[in-house]
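Enquirer: please work out how this folds:
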Amino acid sequence: MDFIKAVNAVLDAGALMKDATYRTNAVKKGDKDYVTACDIAIQKSIAQALRHHYPDIPLIAEEKDNRGILSDSVFILDPLDGTTNFLHGYTPSCISLAYVHKEQPVFGIVHDPVADATYIAEKGKGAQLNGKPIRVSNVMNIENALITCETSPYERGDADMHFDVLKKVFLACMDIRISGSAALDICYVAEGAADAFLTRNLSPWDVAAGICILTEAKGVCTDWKGNPPSMRYKSDILASNGLLQEVLYEYTGKL
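Expert: Now for the predicted structure:
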């Protein structure tokens with residue numbers, strides 16, 4: 001299957017993120033959860049392109065009703081991962097698109113147009129950043145690891161447990177970073193800029209593309225118990241260079 005049309009759809013839609021006027025007119029979806037005109041415009045642009053070039057493949061996307069989609073093969077789209085960052089003019093944020101077949105991410109693109117960074121991977125073909133091959137780090141000890149994480153402002157009921165885990169990890173590792181974009185966090189692990197990423201309650205559109213990119217960069221992504229992340233429901237995500245996975249399970253509760 002040729003994904004060049006999907007890549008072009010994402011790159012074309014990326015221009016919308018550079019238009020500051022799209023930061024206005026945000027609509028509240030839920031507690032601390034917003035959708036902007038940019039989310040809608042990007043999703044519409046990419047959805048139209050995918051319908052034209054891949055008419056038989058349904059789209060699961062953050063800003064649409066996904067009920068009734070039962071196909072084994074789907075595109076999964078987050079039109080703007082890092083919406084809160086985008087609203088405040090604070091980078092990073094990105095577009096994340098994956099093709100998933102039988103719960104396995106086969107293709108992924110994560111595009112950050114502001115940073116001019118495009119991560120792409122296809123199963124069996126490796127991962128690239130702006131056309132150059134990338135690979136995870138070789139950090140083996142948690143005390144030498146830079147670990148990324150996220151918070152969920154609209155799921156604050158989990159805050160005590162989530163921050164308790166992060167506190168323990170923070171005390172053990174070199175340092176922690178919070179970017180505001182889970183898709184990019186996973187890509188940072190894929191390129192070796194970070195060594196691991198963990199957070200709770202992420203939707204498939206947050207992680208599907210990043211998982212493909214990370215896996216092709218020789219990294220590992222599971223839920224907090226060591227199971228494959230769901231491509232239908234939310235999962236607690238632990239992504240790493242692979243060398244740190246078992247160590248981090250001690251903090252996430254697998255053992």
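Enquirer: okay, CA-based contacts and neighbour counts for the rest of this
Expert: Noted.
Enquirer: contact partners for residue 165?
Expert: Residue 165 makes contact with 251, 252, according to Cα atoms under 8 Å, 6 or more residues apart in numbering.
Enquirer: using the record's assignment, carve the chain into domains.
Expert: Structural domains annotated on the chain: 4-133, 142-252, as defined by automatic domain parsing.
Enquirer: turn the ones you listed into TSV, columns for mean pLDDT.
Expert: Formatted as TSV, the domains of the chain follow (pLDDT from 0 to 100):
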stretch	mean pLDDT
domain 4-133	88
domain 142-252	94
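Enquirer: single out the most deeply packed of the ones you listed.
Expert: domain 142-252 (a mean of 21; mean count of other Cα atoms under 10 Å).
Enquirer: next up, the contacts around the most centrally placed residue in the chain.
Expert: The chain has residue 183 as the residue nearest its centroid, 2.1 Å off, counting by Cα atoms, centre = their mean. Residues near residue 183 by Cα under 8 Å, 6+ apart: 81, 94, 96, 110, 206, 207, 209, 210.
Enquirer: the fourth one touches residue 212, doesn't it?
Expert: No - taking contacts as Cα atoms under 8 Å, residue 110 lies outside contact range of residue 212: 10.3 Å.
Enquirer: which of the contacts of residue 183 fall in strands?
Expert: 81, 94, 96, 110 (DSSP state E).
Enquirer: wouldn't the first one be in contact with residue 207 here?
Expert: Going back to what we said before, that points to residue 81. No - using Cα under 8 Å, residue 81 is not in contact with residue 207; the gap is 9.9 Å.
Enquirer: please enumerate the shared neighbours of those two.
Expert: Here residue 81 and residue 207 share the contacting residues 182, 183, scored by Cα under 8 Å, 6+ apart.
Enquirer: which stretches in the protein count as strands?
Expert: 27-30, 33-35, 59-61, 73-81, 94-101, 104-112, 117-122, 127-129, 132-133, 146-149, 175-178, 196-202, 220-223, 235-240.
Enquirer: how about the ones you listed, which one is nearest residue 158?
Expert: strand 196-202 (8.6 Å; Cα to Cα).
Enquirer: just checking, what packs against that closest one?
Expert: strand 146-149, helix 182-190, strand 235-240 (3 or more Cα pairs under 8 Å, 6 or more residues apart in numbering; DSSP states H and E).
Enquirer: skipping its backbone neighbours, what lies nearest residue 213 in space?
Expert: Nearest non-adjacent residue to residue 213, counting by Cα to Cα, 6 or more residues apart in numbering: residue 121, 4.9 Å away.
Enquirer: partners of that neighbour in the sheet?
Expert: Beta-bridge partners recorded for residue 121 (DSSP bridges): residue 108, residue 127.
Enquirer: show me the longest helix that occurs in the protein.
Expert: If you go by DSSP state H, the chain has its longest helix at helix 37-53.
Enquirer: and residue 149, what does it touch?
Expert: Contacts for residue 149 (Cα under 8 Å, 6+ apart) come out as 176, 177, 178, 179, 182, 185, 197, 198, 199.
Enquirer: for those residues, which one is nearest residue 167?
Expert: Nearest to residue 167 out of the contacts of residue 149 is residue 176 (Cα to Cα; 9.7 Å).
Enquirer: who does that closest one bridge with?
Expert: Beta-bridge partners recorded for residue 176 (DSSP bridges): residue 147.
Enquirer: so what's it up against?
Expert: 146, 147, 148, 149, 170.
Enquirer: now those residues as TSV including distance to residue 221?
Expert: TSV is the format used below for the contacts of residue 176 (distance: Cα to Cα, whole Å):
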residue	distance to residue 221
146	16
147	14
148	14
149	14
170	20
